[in-house]
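*Asks:* model this:
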Amino acid sequence: MKTLAMWTQVQMSHTTVMRCVRAVGEAQEKQDQELVIQAENGELDGKRQPNFLFAEADGTFVRGLKKRQHIEIKHFILYEGWVKNGKRRLLKEPYAVMTSKGLDTFWEQVGAAVEQRYRLWQTQVVANSDGGVGYDEAHFKDAFCGSHKRIWVQLDAFHVAQSLIRSLHGDKAWITRIQQAIQRKDRTEVILLLDTYESNLDEDERIKQVEKVKQYLIGHWDRLFDWREIMAKETLPENAGRLGAMESNQRHLTFRMKKRGMHWGESEEGMVKVIQGIRNGTLKAAYLSSFIPTKRDERIIKKMIRIASLLKEPTVPSIGAHRGRIGTNASSSSAVGKLNKVLTFA
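*Replies:* Below you'll find the model as predicted:
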């Protein structure tokens, strides 16, 4: 608003800006939901057929207006690999899905986005998540059910390291030994190290934390390892790297929606969809298309016109105005006589 006032003649209040954000975000949301409907009707037919497709999903929390209220923003990124940019690697053909709505809506939009862009018959899908509620292996397999190859879902290395740091209270020596055992794929040694560490604890709370991380690691053992170690080296894409792009891509949300005393109410979904549209380069087209009926709406309108044309009654030709008068053969005290008297005086 300060920029507008300084460099242009336009002045806008905070409320007007919020309404604009909500209006533009709703246009992007409408487009996403239209894709979901088309996917349910089998109307989407993606064309891209990459050898590898990578996906990551996670959530981040922003503050709500109510006391101690936290709103989860679900975030999904899809990309086809990496390209070199000097010493850095950038994601190839990235595409994001973001929403503050429920997990069912989130994964419906993810599935629709995948169907719109890709034909996955012979594509190897590799996914990455922390394995938390709503971001587990089953959801990824449902979203990429079009692939006839095994969908490999690994645990995010960052979240594995964080779980060890929290449970072992930052004990670097023990954390390093456990991580080295994981790298050697020595499951027995990992269990032995955690049991040994647990046996030296006295506090029940810390013992529960160690048991929890042990269940987490052993329960997801096959998903702890880098995907490049599983695939044949000759099939790996060019510039293949470790998964974990989600943590850096979360900044698109966190830089705009967290810290600086920010609290979000009804406008949070609009802002999320605006960020998604800018990230994907679809925001302008989505907003402009909101003024044009969708193909589905056009079909409904045409159907209504056809029905109306069938039910329309034929026009009766006009035979001109009729002239007449009320007969005077009735007594003036009768109803007809009184009516005639009124009309005559008028």
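*Asks:* residues in contact with stretch 98-105?
*Replies:* 29, 32, 71-76, 106, 109, 134, 139, 253, 268-269, 272-273, 275-276, 279 (C-beta atoms under 8 Å, 6 or more residues apart in numbering). To be clear about C-beta, it is placed using only N, CA and C from the backbone, and glycine gets the same treatment.
*Asks:* CA atoms of it as PDB?
*Replies:* Provided in PDB are the C-alpha atoms of stretch 98-105 (Å, rounded to 0.1, in the frame of the first residue of the first chain):
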ATOM      1  CA  MET A  98      -1.000 -25.600  -1.800                       C
ATOM      2  CA  THR A  99      -4.100 -25.300   0.300                       C
ATOM      3  CA  SER A 100      -5.200 -24.700   3.900                       C
ATOM      4  CA  LYS A 101      -8.300 -26.900   3.400                       C
ATOM      5  CA  GLY A 102      -8.600 -30.600   4.600                       C
ATOM      6  CA  LEU A 103      -6.300 -33.400   3.600                       C
ATOM      7  CA  ASP A 104      -9.000 -35.000   1.300                       C
ATOM      8  CA  THR A 105      -9.300 -31.800  -0.700                       C
END
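*Asks:* what's the average pLDDT for it?
*Replies:* For stretch 98-105, mean pLDDT rounds to 94.
*Asks:* next, the buried residues of that stretch.
*Replies:* Going by neighbour count (16 or more other C-beta atoms under 10 Å), the buried part of stretch 98-105 is Met98, Thr99, Ser100, Thr105.
*Asks:* next one: stretch 116-132
*Replies:* Buried residues in stretch 116-132 (16+ other C-beta under 10 Å): 116-118, 120, 123-131.
*Asks:* related to what we said a few turns ago, please flag which of the buried residues of stretch 98-105 sit within helices.
*Replies:* Of these, the ones assigned to helices by DSSP state H are Thr105.
*Asks:* tell me the one of the buried residues of stretch 98-105 nearest Gly244?
*Replies:* Met98 (18.4 Å; C-beta to C-beta).
*Asks:* in three-state terms, label the residue lying closest to that closest one once chain neighbours are set aside for me.
*Replies:* Using C-beta to C-beta, 6 or more residues apart in numbering and skipping the chain neighbours, the partner closest in space to Met98 is Gln276 (4.3 Å). Here Gln276 is helix, with the state taken from DSSP: H, G, I helix; E, B strand; the rest coil.
*Asks:* confirm for me that Gln276 is in contact with Ala96.
*Replies:* Yes: using C-beta atoms under 8 Å, Gln276 is in contact with Ala96, at 5.5 Å.
*Asks:* looking at these two, which is more packed in?
*Replies:* Gln276 (26 against 19; other C-beta atoms under 10 Å).
*Asks:* for Gly59, give the beta-bridge partners.
*Replies:* Assessed by DSSP bridges, Gly59 has beta-bridge partners Lys74.
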